[in-house]
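In: Let's see this in three dimensions:
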Amino acid sequence: MPAALNFRLAQHGDFNVVQDIRRQTISGDYFESTFHSERSNPDHYFTVVEDLSGADPPGAPVIAYGLLEITGFEASLLEMAVLPAAQNKGVGLQLLNHLLDYALTAKISTVFLEVRKS
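Out: Numbering: from 1, shown residues only. You can find the predicted model right below:
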(Lines give C-alpha, C1' and ligand atoms only; values in the text may rest on other atoms or scores of the structure.)
Protein backbone atom coordinates (compact mmCIF):
# COMPACT_ATOMS: atom_id res chain seq x y z
CA MET A 1 0.00 0.00 0.00
CA PRO A 2 1.37 3.46 -0.79
CA ALA A 3 2.69 5.15 2.34
CA ALA A 4 0.53 8.21 1.82
CA LEU A 5 -2.06 9.36 -0.66
CA ASN A 6 -3.20 12.88 -1.48
CA PHE A 7 -6.72 13.48 -2.78
CA ARG A 8 -7.29 16.70 -4.70
CA LEU A 9 -9.70 18.10 -7.26
CA ALA A 10 -8.85 17.29 -10.86
CA GLN A 11 -7.21 20.22 -12.61
CA HIS A 12 -6.95 21.32 -16.23
CA GLY A 13 -3.47 19.79 -16.57
CA ASP A 14 -4.60 16.34 -15.35
CA PHE A 15 -6.26 15.36 -18.64
CA ASN A 16 -3.33 13.35 -20.04
CA VAL A 17 -2.75 11.32 -16.89
CA VAL A 18 -6.48 10.65 -16.41
CA GLN A 19 -6.67 9.61 -20.07
CA ASP A 20 -3.70 7.26 -19.55
CA ILE A 21 -5.27 5.68 -16.46
CA ARG A 22 -8.57 5.29 -18.31
CA ARG A 23 -6.89 3.66 -21.31
CA GLN A 24 -5.15 1.16 -19.05
CA THR A 25 -8.25 0.25 -17.04
CA ILE A 26 -11.48 1.08 -18.88
CA SER A 27 -12.19 0.57 -22.56
CA GLY A 28 -12.52 3.75 -24.58
CA ASP A 29 -10.95 7.15 -24.59
CA TYR A 30 -11.94 10.20 -22.63
CA PHE A 31 -12.73 13.15 -24.86
CA GLU A 32 -10.85 16.20 -23.65
CA SER A 33 -14.01 18.32 -23.85
CA THR A 34 -15.87 15.78 -21.69
CA PHE A 35 -13.07 15.76 -19.12
CA HIS A 36 -13.12 19.54 -18.81
CA SER A 37 -16.93 19.66 -18.75
CA GLU A 38 -17.11 17.10 -15.93
CA ARG A 39 -14.24 18.74 -14.06
CA SER A 40 -15.88 22.16 -14.11
CA ASN A 41 -19.47 21.02 -13.51
CA PRO A 42 -20.60 22.22 -10.05
CA ASP A 43 -22.72 19.06 -9.69
CA HIS A 44 -19.66 16.82 -10.11
CA TYR A 45 -16.88 15.98 -7.70
CA PHE A 46 -13.86 14.92 -9.77
CA THR A 47 -10.87 13.91 -7.69
CA VAL A 48 -7.45 12.53 -8.49
CA VAL A 49 -5.19 10.54 -6.17
CA GLU A 50 -1.49 11.29 -5.87
CA ASP A 51 1.03 8.78 -4.49
CA LEU A 52 3.13 10.68 -1.96
CA SER A 53 5.47 7.77 -1.18
CA GLY A 54 8.16 9.14 -3.51
CA ALA A 55 7.43 12.84 -3.90
CA ASP A 56 5.54 15.70 -2.33
CA PRO A 57 2.93 17.63 -4.28
CA PRO A 58 3.21 19.23 -6.67
CA GLY A 59 4.92 16.59 -8.72
CA ALA A 60 3.63 13.46 -7.00
CA PRO A 61 2.35 10.97 -9.58
CA VAL A 62 -1.41 10.65 -10.10
CA ILE A 63 -2.31 6.96 -9.75
CA ALA A 64 -6.13 7.02 -9.67
CA TYR A 65 -9.22 9.15 -10.13
CA GLY A 66 -12.90 9.14 -9.24
CA LEU A 67 -16.00 11.04 -10.33
CA LEU A 68 -19.26 11.59 -8.44
CA GLU A 69 -22.36 13.24 -9.89
CA ILE A 70 -24.56 14.91 -7.30
CA THR A 71 -28.29 15.38 -7.82
CA GLY A 72 -30.11 16.81 -4.83
CA PHE A 73 -29.54 14.46 -1.90
CA GLU A 74 -28.33 11.61 -4.08
CA ALA A 75 -25.09 10.89 -5.90
CA SER A 76 -23.93 8.46 -8.55
CA LEU A 77 -20.42 7.11 -8.69
CA LEU A 78 -19.86 7.62 -12.41
CA GLU A 79 -16.34 6.33 -12.67
CA MET A 80 -13.25 5.40 -10.72
CA ALA A 81 -10.03 3.82 -11.89
CA VAL A 82 -6.64 2.90 -10.44
CA LEU A 83 -3.46 2.39 -12.46
CA PRO A 84 -2.72 -1.34 -12.79
CA ALA A 85 0.66 -0.89 -11.04
CA ALA A 86 -1.15 0.61 -8.02
CA GLN A 87 -3.93 -2.00 -7.85
CA ASN A 88 -4.23 -4.56 -5.04
CA LYS A 89 -2.65 -2.12 -2.60
CA GLY A 90 -5.77 -0.57 -1.09
CA VAL A 91 -5.79 2.54 -3.31
CA GLY A 92 -9.24 1.78 -4.75
CA LEU A 93 -10.70 1.24 -1.28
CA GLN A 94 -9.19 4.50 -0.02
CA LEU A 95 -10.53 6.32 -3.08
CA LEU A 96 -14.01 4.86 -2.58
CA ASN A 97 -13.93 5.84 1.10
CA HIS A 98 -12.82 9.36 0.15
CA LEU A 99 -15.70 9.71 -2.32
CA LEU A 100 -18.21 8.41 0.23
CA ASP A 101 -16.81 10.76 2.89
CA TYR A 102 -17.26 13.65 0.47
CA ALA A 103 -20.86 12.56 -0.12
CA LEU A 104 -21.53 12.50 3.63
CA THR A 105 -20.02 15.96 4.03
CA ALA A 106 -22.26 17.21 1.21
CA LYS A 107 -25.32 15.77 3.05
CA ILE A 108 -25.88 13.09 0.40
CA SER A 109 -28.17 10.37 1.74
CA THR A 110 -27.76 7.81 -1.07
CA VAL A 111 -24.92 6.93 -3.45
CA PHE A 112 -25.64 4.77 -6.48
CA LEU A 113 -23.22 2.61 -8.41
CA GLU A 114 -24.05 1.21 -11.82
CA VAL A 115 -21.63 -1.45 -13.00
CA ARG A 116 -21.09 -2.42 -16.59
CA LYS A 117 -18.61 -4.66 -18.29
CA SER A 118 -15.77 -2.62 -19.77
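In: can you tell me how far residue 87 sits from residue 72?
Out: Distance of residue 87 to residue 72, computed by CB to CB, to the nearest Å: 33 Å. C-betas here are computed from N, CA, C, even on glycine.
In: of these two, who's got more company?
Out: residue 87 (14 against 10; other CB atoms under 10 Å).
In: separation between that one and residue 95?
Out: Noted for residue 87: a distance of 11 Å to residue 95, by CB to CB.
In: Now do residue 89: how many residues are near it, please.
Out: Count around residue 89 with other CB under 10 Å applied: 14.
In: Using the three-state scheme, assign it.
Out: Counting by DSSP: H, G, I helix; E, B strand; the rest coil, the backbone at residue 89 sits in coil.
In: So for it, what's the pLDDT?
Out: Looking at residue 89, its pLDDT is 93.
In: repeat for residue 95
Out: pLDDT recorded at residue 95 is 97.
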